[in-house]
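In: coords below, sequence missing:
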């Protein structure tokens, strides 16, 4: 029987290797940091800098649980992107390029992203 | 003998390098900022304004923003090239990304130097 070529894999159904998960999250977090990340960052900075009143308003706005929660989620996107980026830079300098090491560092990126988010989240809450 | 030249648009390597340089600039700035914020967290508006009143801090922050916007452009461009296959739609989205980033660049100057 002739096999059908090319074969398309269903990306949702197959089990993704760890490196792929890290990489996809790097892309998704990158897009989210671009939008809505950047405009929110600039809006926040402007509000916090504008006047003493807007500063206080901004602070009380940040104190609402829903906003705090969203901020912590945003923090995770950023921290994952940051850690995965550091991993890329290390690999460009030929650190940790073997399969074994890259699996290890991939795991480390996922864990560090979540761990740092929890640490900062606890501090902010 | 036929010499095969693998040619391209030639901006690939430059983009690759810029993506890494801007990432490094942002990482250094953020580590410094985090250090400042942990060492002496600004508790009120005056302290917060004070932090941004130094010219060197404004320039460093502006450098961070320029790196951020340039980094975002390369990333968004790569993603749009990968997933948006219709030339017209992709062009339109790339233009929108550029316009947004230019807008943000002017806005960040306005925030930092007001």
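Out: Received the coordinates, thanks. Keep in mind that this is a model prediction, so the values were computed, not measured. Numbering: from 1, shown residues only, chains lettered A, B, ... in the order given.

In: How much space separates the residue positioned nearest the centre of chain A from chain B?
Out: Nearest to the mean C-alpha position of chain A, by Cα atoms, centre = their mean, lies residue A:77 at 2.4 Å. Separation of residue A:77 from chain B (Cβ to the nearest Cβ, to the nearest Å) stands at 13 Å. C-beta here means a position set from N, CA and C on the backbone, and glycine is covered the same way.

In: dump the residue contacts of that residue.
Out: Residue A:77 makes contact with A:28-29, A:32-33, A:37 under the criterion Cβ atoms under 8 Å, 6 or more residues apart in numbering or on different chains.

In: for the chain, which spans come out with low pLDDT?
Out: I went with chain A, as the question did not name one. A:1-2 (pLDDT under 70).

In: you looked at the wrong chain, it should be chain B
Out: B:1-9.

In: Would you tell me which residues of it are close to chain A?
Out: B:20, B:23-24, B:27, B:30, B:44-45, B:48-49, B:52, B:68-69, B:72, B:75-76, B:79, B:97, B:100, B:104, B:107-108, B:111, B:114 (Cβ under 8 Å from any Cβ of the partner chain).

In: how about 7 Å then?
Out: Residues of chain B lying close to chain A by Cβ under 7 Å from any Cβ of the partner chain are B:20, B:23-24, B:45, B:48-49, B:52, B:72, B:75-76, B:79, B:104, B:107-108, B:111.

In: Show the buried residues in these.
Out: B:20, B:23, B:45, B:48, B:52, B:72, B:75-76, B:79, B:104, B:107-108, B:111 (16 or more other Cβ atoms under 10 Å in any protein chain shown).

In: show me the biggest helix of chain A in terms of residues.
Out: helix A:65-92 (DSSP state H).

In: Just the buried residues of the next helix or strand after that helix, please?
Out: Scanning forward in sequence from helix A:65-92 by DSSP states H and E, the next helix or strand is helix A:99-124. For helix A:99-124, burial by neighbour count (16+ other Cβ under 10 Å) applies to A:102, A:105-106, A:108-110, A:112-113, A:116-117, A:120-121.

In: residues of stretch B:19-31 that come out buried?
Out: Here stretch B:19-31 shows B:19-20, B:22-23, B:25-26, B:29 as buried, counting by 16+ other Cβ under 10 Å.

In: Alright, I will stop here.
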